[in-house]
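Peer 1: Below: sequence and its predicted model.
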Amino acid sequence: MSTLRIEKHPIIEEYYKGPLVHFRYDGKDAEGYAGESVAAALRAMGVRIHRYTTKEHRPRGVFCAIGRCTDCVMVVNGIPNVRTCITPLEEGMIVQTQYGLEVGEGK
Amino acid sequence: MKRYEVIIVGAGPSGLSAAIEAAQSGLQVVVFDENGRPGGQLFKQIHKFFGSKEHQAKIRGVRIGENLLAQAKELGVKVILNATVLGIYKNKEVSVLIEKEVQNYKADAVIIATGAAENMIPFEGWTLPGVMGAGAAQTMMNIQGVRPGSKILMVGSGNVGLVVSYQLMQAGCKVEAIIDAAPRIGGYGVHASKVARTGVPFYTSYTVLEAKGNATDGSVSSAVIAKVDERFKPIPGTQIELDVDTICIAVGLSPMSQLADNAGCEMTFAPTKGGNVPVLTQDGETSIKGIFCAGDVGGIEEASSAMIQGKIAATAIAQELGYIDHDTFEEKKSIYADSLLKLRAGMFAPGSKGKVIDKTDEGYTISKSILTHGYLAESELSDFPALDTSGGEHIVIECTQNIPCDPCQSACPQGCIIVGDNITLLPKLSKEKKCTGCGLCVGVCSGQAIFLVNDSYADGYGTVGLPYEFLPYPKAGTIGKALDRSGREICDATVVEVRANKVMDKTAMLVMKVPLAQIGSARFFQPIGLESLEGVS
């Protein structure tokens, strides 16, 4: 489904993930696999910007991928500051780019 | 308040090993981990580990993780996930955040096995999306199955930088360069060599100056690197701009020792251990009786030693609480201590950090080319007697640094390879025993440093069998190019066969036919039409 997904790997036989699910990303329909991280589903779609900082409006994305640095936080199901790299994707999730602590206009 | 005899914080290699050892001794144990899945960082370690059989050498980290989990499950060890330990108190009370609620537990002993976090270096643009930890890239590709980027700059040439670079290629990414501000490559020569021979350039004495963002979404579109002087200051006019979309940072790890510090354990700043660490006894006990540390939290090493440290701490607790007697404790401890000692030997041992070592234990001059370019120079080959390519079908072992590893010795059914009990010594070839060309050692060597050469294959041609961990496996008859140790194309090559079996665990031996004159140089195969390696079909 995406050229960024690794379909065949010389060492890893299969990745731990559930069925295909649908979610909303910034008001658009999107899909990924249940149980993979929200960040992974977004990465597979080519998304690299997760949020913009409050003061200087600088873009941020995945940095540590293990839930430590909080760079990848987004608004998920209306809740801001959700660490997308360790939040499993679920059917029907609403994922939005975070501007400061809020959802941006038109998202 | 719930009670357990032992509370372990962290379900990584060290914590799980401690839990298994404790449960085997009959202790009632619980493990807390803040992550949704157990195993710490083990499941993204898809390379084969070093050491000896007792250290689970030649087994991939991910499988070691699976084995630990299975063992813990069989013993009924309780692992509570999504459980963040907030504080540990002197009386061995532990506060844990589980599902938005703080719960309090009490134990007779606590083992802190929280591991380490990646270090970072700031530079212009370092916060741009596309700059990430090497471990982050590893999580994305090896756990989530998504490539972090397409064209990568790796900053840092320690084992993490080298291993992750190789894994990025296995995932189908192109590694444009590996740079290090130090004048020497920091990780094992064998790890550097397996990357170098695919054509990845190393830049030692280089630092990253800037990450530039693209016009579309502002994420990384290039990286500017520059040479540094002896004082690590960038030299004007040496800038190189690399076309990359991802910059991975692998500049070391720091112990996550905050819990020990907050509990009131005596701390010390030890640069060779990676930072602020608790002062520990030989058994891993902190200055507070009954609070132990095991693994990277007490000083950066690697998973193999972390597992042993976990076992030692658990054994000490088992004795203290009366589950094993003093003699059993001493006996177990001496086995574990001995095992740990073997891993802490050689050129890359914790005690050798910062030292410049010129000679191997055997007295051979250490390859300078490996330390700066990542590969053995042809002019250095004669320094190592085991690298002779004449005399029919036999192996050459391009293992030229003292690192703790010996699976090659037991891999050979004929007994051709001798390492001996001191596992950091370089392997030697037996003069009496005859190589049958089975190739098992080629597939087993964790460093991918063994090659099967044959100088009597056909008139004017020889063959080279090399370790190969990329997809797709080329079919017999496939024509391509042979690359030398530096990744340079040197001649045409034809695949004779690709051999793989269960023992070799997904490291195939690719045998290619090359002109006889090249069997001492040809060390990698690249199919024609593939500019870069493809891990993706």
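Peer 2: Happy to help now that I have it.
Peer 1: Do a quick rundown of the helices in chain A.
Peer 2: In chain A, the helices defined using DSSP state H lie at A:38-44.
Peer 1: For it, which residues score under the pLDDT cut-off?
Peer 2: For chain A, the stretches with pLDDT under 70 are A:1-2, A:105-107.
Peer 1: Can you pull up the residues of it that come close to chain B?
Peer 2: A:2-12, A:15-17, A:36-37, A:39-40, A:43-44, A:48-50, A:58-68, A:71, A:85-86, A:88 (CB under 8 Å from any CB of the partner chain). C-beta coordinates here come from the backbone N, C-alpha and C atoms, glycine included.
Peer 1: Can you flag which of these belong to strands?
Peer 2: Counted as lying in strands by DSSP state E, out of these, are A:Pro59, A:Arg60.
Peer 1: Tell me the buried residues within the residues of chain A next to chain B.
Peer 2: A:4-6, A:9-12, A:15, A:17, A:36-37, A:39-40, A:43-44, A:48-50, A:59-68, A:71, A:85-86, A:88 (16 or more other CB atoms under 10 Å in any protein chain shown).
Peer 1: can you count the residues close to the residue of the stretch 51-200 of chain B found nearest chain A?
Peer 2: Proximity to chain A, evaluated over the stretch 51-200 of chain B using CB to the nearest CB, is greatest for B:Pro129 at 2.8 Å. For B:Pro129, the count of nearby residues is 26 (other CB atoms under 10 Å in any protein chain shown).
Peer 1: How about B:Gly61?
Peer 2: 24.
Peer 1: So is stretch B:91-100 next to chain A?
Peer 2: No - shown here: stretch B:91-100 not in contact with chain A (CB under 8 Å from any CB), separated by at least 12.2 Å.
Peer 1: Need the contact partners of that stretch.
Peer 2: B:1, B:7, B:9, B:32, B:80, B:82-89, B:102-110, B:290-291 (CB atoms under 8 Å, 6 or more residues apart in numbering or on different chains).
Peer 1: how about B:Ile111, what does it touch?
Peer 2: B:6-9, B:15, B:18, B:284, B:292-294, B:310, B:313-314, B:317.
Peer 1: Also A:Cys85?
Peer 2: A:Ser37, A:Val38, A:Ala39, A:Val62, A:Cys64, A:Ala65, A:Ile66, A:Gly67, A:Cys72, B:Ala136, B:Thr139 are the contacts of A:Cys85 under CB under 8 Å, 6+ apart.
Peer 1: which residues does the third one contact?
Peer 2: Spelled out, it's A:Ala39. A:His50, A:Val62, A:Ala65, A:Cys72, A:Thr84, A:Cys85, A:Thr87, B:Met140, B:Gln144.
Peer 1: For the nearest residue to the second one once chain neighbours are set aside, what are phi and psi?
Peer 2: By that I understand A:Val62. Closest residue to A:Val62 apart from its sequence neighbours, by CB to CB, 6 or more residues apart in numbering or on different chains: A:Cys72 at 4.7 Å. As for A:Cys72, its main-chain torsions (degrees, to the nearest 10) stand at phi -90, psi 20.
Peer 1: Tally up the residues packed near the closest residue to B:Tyr188 other than its chain neighbours, please.
Peer 2: Among residues not flanking B:Tyr188 along the chain, B:Ile403 sits closest, at 5.5 Å (CB to CB, 6+ apart). By the criterion of other CB under 10 Å, B:Ile403 has 24 neighbours.
Peer 1: Let me know the distance separating the residue nearest to A:Val62 from A:Thr87.
Peer 2: 9 Å (CB to CB, to the nearest Å).
Peer 1: the more surrounded of the two?
Peer 2: Under the criterion of other CB under 10 Å, the comparison of A:Cys72 against A:Thr87 puts A:Cys72 first, with 29 against 20.
Peer 1: shouldn't that one be in contact with A:Pro59?
Peer 2: No - A:Cys72 lies out of contact with A:Pro59 (CB atoms under 8 Å); the separation is 11.5 Å.
Peer 1: which residues touch the nearest residue to B:Lys48 once chain neighbours are set aside?
Peer 2: Of all residues not flanking B:Lys48 in the chain, B:Ser446 sits nearest, at 3.9 Å (CB to CB, 6+ apart). Counting by CB under 8 Å, 6+ apart, B:Ser446 touches B:His47, B:Lys48, B:Phe49, B:Phe50, B:Ala57, B:Lys58, B:Val190, B:Cys405, B:Pro407.
Peer 1: ok, now B:Pro183?
Peer 2: B:Thr204, B:Ser205, B:Thr372.
Peer 1: Would you mind putting these into a markdown table with distance to B:Ser339, neighbour count and pLDDT alongside?
Peer 2: As requested, these are exported to a markdown table (distance: CB to CB, whole Å; neighbours: other CB atoms under 10 Å in any protein chain shown; pLDDT from 0 to 100):
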| residue | distance to B:Ser339 | neighbour count | pLDDT |
| --- | --- | --- | --- |
| B:Thr204 | 34 | 20 | 98 |
| B:Ser205 | 37 | 19 | 98 |
| B:Thr372 | 33 | 18 | 97 |
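Peer 1: Of the residues you listed, which belong to helices?
Peer 2: B:Thr372.
Peer 1: Just the element for B:Ile7, please.
Peer 2: strand B:2-9 (DSSP states H and E).
Peer 1: who touches residue 16 in this structure?
Peer 2: In the absence of a named chain, this looks at chain A. A:Gly35, B:Ile143.
Peer 1: right idea, wrong chain: chain B
Peer 2: Contacts of B:Leu16 by CB under 8 Å, 6+ apart are B:Val31, B:Pro38, B:Gly39, B:Gly40, B:Leu68, B:Leu69, B:Ala72, B:Val77, B:Val79, B:Gly310.
Peer 1: give me the element the second one is part of.
Peer 2: When elements are defined using DSSP H and E, B:Pro38 is found to belong to no helix and no strand.
Peer 1: Hmm, it is touching B:Leu81, no?
Peer 2: Yes - if you go by CB under 8 Å, B:Pro38 and B:Leu81 touch, sitting 6.5 Å apart.
Peer 1: Using PDB, write out every CA atom in stretch B:49-59.
Peer 2: Extracted C-alpha coordinates of stretch B:49-59, given in PDB (Å, rounded to 0.1, in the frame of the first residue of the first chain):
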ATOM      1  CA  PHE B  49      25.200 -11.200  19.100                       C
ATOM      2  CA  PHE B  50      28.800 -11.600  19.900                       C
ATOM      3  CA  GLY B  51      30.400 -13.500  22.800                       C
ATOM      4  CA  SER B  52      30.500 -17.200  23.500                       C
ATOM      5  CA  LYS B  53      27.700 -19.900  23.600                       C
ATOM      6  CA  GLU B  54      27.000 -19.000  27.200                       C
ATOM      7  CA  HIS B  55      26.300 -15.400  26.100                       C
ATOM      8  CA  GLN B  56      24.000 -16.600  23.300                       C
ATOM      9  CA  ALA B  57      26.500 -15.600  20.700                       C
ATOM     10  CA  LYS B  58      25.400 -16.000  17.000                       C
ATOM     11  CA  ILE B  59      21.800 -15.700  18.000                       C
END
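Peer 1: What separation is there between the closest residue to B:Ile312 other than its chain neighbours and B:Glu330?
Peer 2: For B:Ile312, ignoring the flanking residues on the chain, the nearest one in space by CB to CB, 6+ apart is B:Tyr336 at 4.9 Å. Distance from B:Tyr336 to B:Glu330, counting by CB to CB: 11 Å.
Peer 1: the more surrounded of the two?
Peer 2: Taking other CB under 10 Å, B:Tyr336 and B:Glu330 do not tie; B:Tyr336 has more neighbours (21 against 13).
Peer 1: In a helix, the more buried one, correct?
Peer 2: Yes - counting by DSSP: H, G, I helix; E, B strand; the rest coil, B:Tyr336 is located in a helix.
Peer 1: Quickly note the distance from it to A:Leu42.
Peer 2: 44 Å.
Peer 1: do B:Ser304 as well
Peer 2: Distance from B:Ser304 to A:Leu42, by CB to CB: 35 Å.
Peer 1: Report the separation between the residue nearest to the spatial centre of chain A and B:Val498.
Peer 2: Nearest to the centroid of the C-alpha atoms of chain A, with distances taken as CA atoms, centre = their mean, sits A:Ala39, at 2.9 Å. To B:Val498, A:Ala39 is 36 Å away according to CB to CB.
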